[in-house]
Structure formats: C-alpha cells, structure tokens
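Student: Predicted model and sequence below, questions to follow.
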Amino acid sequence: MGHTLVIVESPTKARTIKSFLPKDFQVIASMGHVRDLPRGASEIPAAMKKEKWSRIGVNASADFEPLYVVPKDKKKVVRELKSALKDAKEVLLATDEDREGESISWHLLELLKPKVPTKRMVFHEITKQAIQKALQKPRDLDMELVHAQETRRILDRLVGYTLSPLLWKKVAWGLSAGRVQSVSVRLLVKRERERRAFKTSSYWDLKTTLEKNKFPIEARLIVLDDKRIAKGTDFDEQTGKIKKGSEAKLLTEPVSKDLADLFRKNKWIVKSVEKKPTIRKPVPPFTTSTLQQEANRKLRLSARETMRCAQGLYERGFITYMRTDSVNLSQQAISAARQCVELRYGKEYLSQSPRKFSSNTRNAQEAHEAIRPAGETFKMPNETGLSGRDLSLYELIWKRTVASQMAEAKLTMLSVDINVCDAIFRATGKNIDFPGFFRAYVEGSDDPEAALEGKEILLPLLSPGDELAVKTVDAVGHITKPPARYSEASLVKTLEKEGIGRPSTYASIIGTIVDRGYASLTSNSLAPTFTAFAVTSLLEEHFPDLVDTTFTARMESSLDEISSGSLNWLPYLESFYKGRKGLAAQVDKREGDIDGKAYRKVDLEGISGTVRIGSNGPWLEGKRINEDGEEVDAKGNLPMDITPGDLDQEKVKQILDGPSDLGIHPDTGEKVYLRFGPWGPFVQLGEGIDKKEKPRRASLPKDIKTEELSLDQAVKLLSLPRLLGEHPEGGKVEARTGQFGPYVVWDKGNGEKPDNRSLKKEDDVYEIELKRALELLAIPKLGRGGRIALRDLGIPKGEKENIFIYNGPYGLYVKQGKVNASLPKDKKADDINIDEAIELLKAKKPNRKNTSTRNKSKKISSKAKSSKAMKSAKLNVNSDLGVKSKEEK
C-alpha cells in the first residue's frame, strides 16, 4: 500500500508533528532549502562555468532563468528524500505557511518530481487539532507566492552580486551590498552624522521637595516672570543655542542658585489642581516585528536570538507561527485568552466584549494570525516545563496575548501648579483607579528613562490655597543629548514604519550588518563603522535610489503586488535590471568614473586627521609635532572598538602623537609606554627594539581612561600573567586576563592542553592566591550551553584532549574537543568506558587519510575529463540540479 510521506523543514518540527499523525505516515526534514542559487564558484556546474552570468546565478538574457544547485551539504538529504519517496503513496509538503515555506515546497516538488499525488499541508500552530484540520484540507501550491519569493530572491541576488564586486574594487575586499541591507546601513550612518553634528548645550532649572501632612511632593520650575523655562527641546541641534522664535527663558547656574536661596525663604501656595480621567487600551498581540522589538527592550535578546528562540517554541508546539504581520486572533484564541483572564485575574478584568485588532502595517500579510500561545487552551508559563530564554519569551507572548482581551486601565492624571514669588512649580501625579490589563502586561519603551505606564505617582489631597512646607530646593544642571543611536528594536520599528523589507528578514539583515563589519553592537546600540561611512558615501553619490527609503519601499510594494497576482514578475525584473537606466548599465557606466581613493577615506568634521580604509581595517593619517617642534606626517592604528561617533580631536592627537612615556618601571628600570593598537590602547614595557623577543604588554580595561592612566596603574597591569605556584599534579598555575576577562590557567606542560577557569566576581586577578586558584580549577568545566560534565573519562593515549560525558537536550553524549557523539539509548553515563567512547567518536571524526585520497583522485579525474563527460554534465544539469529547461517552462 505504501506510506504517506510528509516533508517539513527541521527535525524538531518533524518530531512534534509525527506525534499527531497516523502510524503509516513518515515525516522527514529537508533541513531548510534543498537547493539555491550558487554560493560560490565551487557550486557552479562545470558545464555552466564558461557562461558569464553563472557567477551571479541568474541568466538575465533568458528571462532571468535562475541556476539552482543542490549544495554539497544537502545532497545526502536529497538522497534520503528520494529514497523515502520510492514507497510513498502520496506526498504532503508541510513546510511553513509563508512565502519562504511555499518556495521550499516548490523546490522540493521541482527536484523530487514525485509521480504520486502531492499536496500542500498548511497550519499556523503544531497542535493535534491544527494538524488534523490541515490533513482534511490540503491544497495546491500557491504559485503567486512562489513567484513573489523567487522574484525577491533573484532581485536580491542581482543587487548584491552586481554592486558588491564594485565595492571590492573601490573600497575594500569582502564588502557586500544588499537591497535592504544597504538602506539599513545608511539609516545608521545618517543617525551617526546627526550625532557628530549635534552641538551640546547646558541649561538649568530648579526642583523642590515639598510636604503636606508629611506626604512628600516632588515639583519642578516651569514658569518664571510669566515666561516658560527652557528645556532640552528648545535648543537647536545644529547651533546649540535656543531656537529662533522661542520665548523660553534660559537660566544660568548662578541665577538658578540665587533663585533657590530666595524660594527657600518664601511661602509655597497651591495655585490650581487639575484632575483628568483617562483610559489606556491594551496593545495588539505580537507580530514578528513587535516581538523582536519587545524582546530586545525587555529581555535584551537580539532580533536573531528572538527568532531562533521563537522558531524552537513554534516547532515544539508552544506558540503559533512566528513570521506574521497580522494582529488578528482566531475565535479559538480569543476564547482561550479570555478563559485565562477569568481564571487568573477574575471576571472584572475581562473586556466587555471580545477585542479584535486590525494591522496598521503597510502591506500586512504572511500568516493569518498573530503570534500567540498554541492550542485551544493556553498553557500557563509555569506549566510548560520551559526554562531560560524559552520560558522568558513564551511568558512575554502569553502575557501580551492575554492582556489583549483584558479590560482597559482607568487612570486619573493629576497636575498641581504651585506659586512661590513670581515663579510657578508643577507637580504631576498618576492614580491607577483600575489596573485592567496592567495586571498582565505593560509595554516597554525605547527610552530607558521613560516612566513605566503601569507605575503610580501618588500625591496627597490638595486644594487651591493650601500652603505647603518646603523641605529642599535645588538648582539642577542639564546637558542636551544627541539623538540616540538605533537599538535593534528601534531599527526594526523604523524599517517596518518605512515599509522596507519584510519583518521575517529583519533578524538576518541586522545579523549581516554586524557580521560584515558595518556596525558594532555595544550596550544594545548599533554603532556604524568607518567602513559603513565609506560605502554609504559611495552609494549615496552614485546609486542614490538604492539607499533611498522611499525607493526601497516602492520596490517592496511591487513585490507584494507580485504575490497578489496584480503585477507580472518578469517585466518588473526587466525594468529594474536591464535597459539604459537599469542597474547593470548604471554599474558599467559609473565604474570607470568612481575614484576608489576618494571612498577609501572618511573625512569627519572637527578632527584634524583623515581616516583611511585599509585591507587590515581603518587607520588614521595626519600631522604631529616632533621633538624639534616641527610638524611632520604621522600615521596610527585606530582601535577596533572606536566608531566615527566616538572619534574626537583629543583621541586623534593621542593616536598620532605615538607612544606616551608614563615613567620608569620601579623593578626593571625600563620605560613604560601608553600605545594604541587595532584592539585598543595598551601599555608596553620597554622599547621593543629586539624583534626576537616581544616586549611585555597589557590592554587597558574599559573602566580606565587613557587620560587618567597613571604609572602605578600601568605597572599593575603589566604584572600579569602572575605565577601563583606549582600544581600538586605537576605544571604551573598562573593568573591572567584575556578577551573574556580574568582567569586562572593550569599549564600542565608535556604538550598537554592547558586547563583554565574564569574568575568569579569576588576574585581579584591581582590578589588571587594559589589555594583559591586550585579551588576554581577543581570545579567541573562547563560544556556548551553551560552544561556540567557528568564524567571525565580522561585523555586517550597519544591525544591531548579529555573525553567528557554530558547530558544534552537530546540525551547523553560524549565530547572530545569539538566532536560530539550520542550514546546508545540503552546506555547510561556510568556504563561507558574510555574505549567505547573512542569508538563512538571515531565514527564522527573525519578520516584524514581517506579525505586526502579522495582529493587526490578528484584532481586526477578532473585532468582526464573527456568531451563525453562534459556532454554528460550538461545533460545532468536539469535532472540533478533542478534547473528548468525552456521546454519545461
């Protein structure tokens, strides 16, 4: 009879779905896409390499026909799928329900060419009811969604593979450009330019603490002599002065302090009390974008981490599909959420009627429902068995979904004006009359200083004419701040607002920006690099449309029209890429006009030097004054962690002036220098003239500023590594500091791998003694994911690394270095000895001898290729690699 073959993307999803299917169903994971455009020259079929277009992987001359290949790491998967297909009576393509999932199903269909009935099986949650429902209503492949996704893929390849080589030639090797990536980088660069152009200003105001019946009241000065007091928004960011036309009164420090003295001696009378009832409505359930934003604000997860975690929750059946623009909840979900509200908070916390939401996002689409807990009833977070990030993210989704069906919060906003002399101070308060949905969820803010919506600010009962006792009056100084850098949350919010890219791609885009060196992520802020400045300048001048938010948003709208069938994909690609105004012609025309030298440098206002982009990163060029008082040319390394926004004239001078002499080391008599390298500032002992022996060096910790560095501090830094003594089992123990902080290391000698442990918070690397170091070294070493080894089986003869046994999410396994091997299901940790572990690991380790032989035979066979073999290769392109011929089209 045969079986029903169900194909999904991942093993986790396969395991979850299998538990809801009949026994004669076989579920196999495709491990994502089984074929794609070539990632490099090695993946291009030999018969196609002579074609000029094969480098891009898209034949623009033949209706943009893509060259799809099966990557080397997917060939085994394809063989397994074809093998399973032989005995199948039908095939169900159960990939995700968005464009990407539809595309994966299409590729599977094209590659496997099943001769049995094949249908699409779609669901937005992996629960028994959802899977049974999907089985009853399979559908055909949606080719409009496929065309939209393939057009997007081809368009991204054309932009990336046409512009990137230009950047390699003109700026630096290895750079990349992208349809959404380059616009995102420009947003970061524009914000950094605004920060550099910002002129700081200082202003003063007064705050007071008053009392009524011993109840404290905080108030601030708002009016003096019938004029409003200036605040941060009254200043011009370009000049640092009060904006033209503003009538705000600017206070100086002396005036503020004099006023404080005056007000302390006078009466404070309540002038007016205003009460304003208001309500707050709950926010809609999560979409992909809002989940990424809120997880970044509240859990400090990156967009990539959020999506990886959400993917796991979906595939294990805890939440609905996590790539969606919709804020809609099904009737089943609304009932489940309202049931949770009633059970946990009581009937009075339910909204009067089921609350429904509509999306304000441009071109909202993808899945049909918001992200929510899966099932007919929602599992309470403490009933899931989840832990760590998984639990935190599930709880966030649970709370937001449940809150969406709760009653509005009722508040009373209070505003009290208080007279003293010719001034008015204002105290504000907030009473929460009924918390409503605040009991479950309060949305986060991109402003870390913003007060939480659900937090009360209490004031005593006040009436006009009441006299208040003064406790303190203080003059307070303020400095205006430049616009904040984008966080991942605020960048995602901006991209979505502008209609750039799809929310499902934001995580990978931000990841690429950081991975390719266009931005660094520090303290949850994305800071663009000098390379980002150089590339953005080139694209702005020569390809302005490609980094324009409006143009890119129009492209996104066109791709959405293709998915709905209202726009033909082929004419769209023709107009974008070909013709006199097409991308290909523009790049060919402008390549000769672009002076690479002009874009391998970055000129910043306010500094005397020039930043140049080199093969090893950015470096600084400028002038310095030598020992004879003459101005001479100078160069210096820019620390890797310094950004365009942080580089000022003081840092430029430090770098170009060369090593700073801090004094003489008290023990060695050598000079101690402060120097700058690509990894930041460091101290060095001696001149370092002898190249055979490197001078002792030590990096500056981030909490020590270069301008405040003393000789004593430098000597202390140079004391590392410290020899603590001999280990009882042989070898020496030292205290050191490295990239990930201070640690102790046991150097065993005899070629054995050193053993190290990080220091705890209470330990001081400069004070730690041998006894404490041995205690730390005795603690079992943590494996991947923070796991403690269950057993240490020791080091096999002739090798250098121990074999450990761990307990992971999929069971027990042995680990040696980077190689893991699962234990047989009937084996426990105590049952395995070192010889059995060696055998298990041997099967996982690459056989170097065989690999060498294979490579050798490949070289021989490549030289002996005949024309017959070349002919055969051409014939096999369609069948093995899935490239469609014109006849098939």
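Tutor: Received the coordinates, thanks.
Student: immediately after the helix or strand where S415 lies, which helix or strand?
Tutor: Assigned by DSSP states H and E, S415 falls within strand 409-420. Using DSSP H and E, the helix or strand that follows strand 409-420 in sequence is strand 423-434.
Student: give me the number of residues near P618?
Tutor: Per other C-beta atoms under 10 Å, the neighbour tally for P618 reads 25. Just so you know, the C-beta spots here come from the backbone N, C-alpha and C atoms, and that holds for glycine as well.
Student: Mind telling me what element it is part of?
Tutor: Using DSSP H and E, P618 falls in strand 617-625.
Student: can you check R15 too?
Tutor: helix 11-18.
Student: contacting residues around the next helix-or-strand element following that helix?
Tutor: Next along the chain after helix 11-18, taking DSSP H and E as the criterion, comes strand 25-29. Here strand 25-29 makes contact (C-beta atoms under 8 Å, 6 or more residues apart in numbering) with 3-11, 13-14, 17-18, 21, 77, 80-81, 84, 88.
Student: Can you select the buried ones among the residues you listed for me in ChimeraX?
Tutor: Provided next is the ChimeraX selection string for whichever of those are buried by 16 or more other C-beta atoms under 10 Å:
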select :4,5,6,7,8,9,10,13,14,17,18,21,77,81,84,88
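Student: Which residue is the nearest non-sequential neighbour of A427?
Tutor: A219 (4.0 Å; C-beta to C-beta, 6 or more residues apart in numbering).
Student: quick one: what helix or strand has that neighbour in it?
Tutor: strand 215-224.
Student: Show me what that strand pairs with in its sheet, parallel or antiparallel.
Tutor: strand 202-212 (antiparallel), strand 227-228 (antiparallel), strand 423-434 (antiparallel) (DSSP bridges).
Student: how about the strand holding S415: buried residues?
Tutor: Going by 16+ other C-beta under 10 Å, strand 409-420 has these buried residues: 409-411, 414, 416-420.
Student: Check which strands are paired with that strand and give the direction for each one.
Tutor: Partners of strand 409-420 in its sheet, by DSSP bridges: strand 268-280 (antiparallel), strand 423-434 (antiparallel).
Student: Which positions within the single longest helix found in the chain qualify as buried?
Tutor: Counting residues, the longest helix found in the chain (DSSP state H) is helix 143-170. Buried residues in helix 143-170, counted by 16+ other C-beta under 10 Å: 144-163, 165-167, 170.
Student: residue ranges for the helices of the stretch 701-850 of the chain, please.
Tutor: Taking DSSP state H, counting those that start in this stretch as the criterion, the stretch 701-850 of the chain carries its helices at 711-718, 770-778, 834-842, 848-863.
Student: surely S615 meets G174?
Tutor: No - look at S615 against G174 with C-beta atoms under 8 Å: they stay out of range, at 9.4 Å.
Student: So which of the two has more stuff around it?
Tutor: Neighbour totals were compared for S615 and G174, and G174 leads with 12 against 7 (other C-beta under 10 Å).
Student: And for the more buried one, nearest residue in space, chain neighbours not counted?
Tutor: In space, G174 is closest to W168, 7.0 Å off (C-beta to C-beta, 6+ apart).
Student: returning to what we had before: need the contact partners of the helix holding R15.
Tutor: 6, 8, 25, 27-29, 31, 94, 126, 131, 312, 315-317.
Student: Same check on stretch 707-725?
Tutor: Contacts of stretch 707-725 (C-beta under 8 Å, 6+ apart): 650, 662-663, 665-667, 672, 674, 683, 685, 696-701, 704, 732-737, 744-745, 765-766, 768-770, 773.
Student: among those, which are in strands?
Tutor: Judged by DSSP state E, strands contain the following of those: 662-663, 672, 674, 683, 685, 697-699, 732-737, 744-745.
Student: List buried members of the residues you listed by neighbour count.
Tutor: So, by 16+ other C-beta under 10 Å, the buried ones in the ones in strands among the contacts of stretch 707-725 are 662, 672, 674, 683, 685, 697-699, 733-735, 737, 744-745.
Student: Roughly how far does K493 sit from A84?
Tutor: 44 Å (C-beta to C-beta, to the nearest Å).
Student: again, but for L187
Tutor: In terms of C-beta to C-beta, L187 sits 46 Å off from A84.
Student: Buried ones in the helix or strand where R191 lies, by neighbour count?
Tutor: Following DSSP H and E, one finds R191 within helix 181-197. Neighbour counts using 16+ other C-beta under 10 Å place 181-193, 195-196 of helix 181-197 among the buried residues.
Student: so who does the most centrally placed residue in the chain touch?
Tutor: A centroid search over the chain (C-alpha atoms, centre = their mean) returns S302, at 3.7 Å, as the residue closest to the centre. Applying C-beta under 8 Å, 6+ apart to S302 gives the contacts 296, 488, 507, 510-511, 521.
Student: Kindly present those residues as TSV, with separate columns for neighbour count and secondary structure.
Tutor: Converted to TSV, the contacts of S302 look like this (neighbours: other C-beta atoms under 10 Å; DSSP: H, G, I helix; E, B strand; the rest coil):
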residue	neighbour count	secondary structure
N296	25	helix
E488	28	helix
A507	21	helix
I510	25	helix
G511	17	helix
L521	15	strand
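Student: Can you pull out the low-pLDDT segments for the protein?
Tutor: 1, 360-367, 444-454, 688-692, 739, 781-788, 809-810, 846-889 (pLDDT under 70).
Student: Now E498. Nearest residue, chain neighbours left out?
Tutor: T549 (4.7 Å).
Student: if we can go back for a sec, list the buried residues in the helix or strand that the strand holding P618 is followed by.
Tutor: Downstream of strand 617-625, the next assigned helix or strand under DSSP H and E is strand 631-637. Buried residues in strand 631-637, counted by 16+ other C-beta under 10 Å: 634, 636-637.
Student: Turn these into TSV, including distance to R280.
Tutor: Shown next, in TSV, are those (distance: C-beta to C-beta, whole Å):
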residue	distance to R280
A634	59
G636	54
N637	53
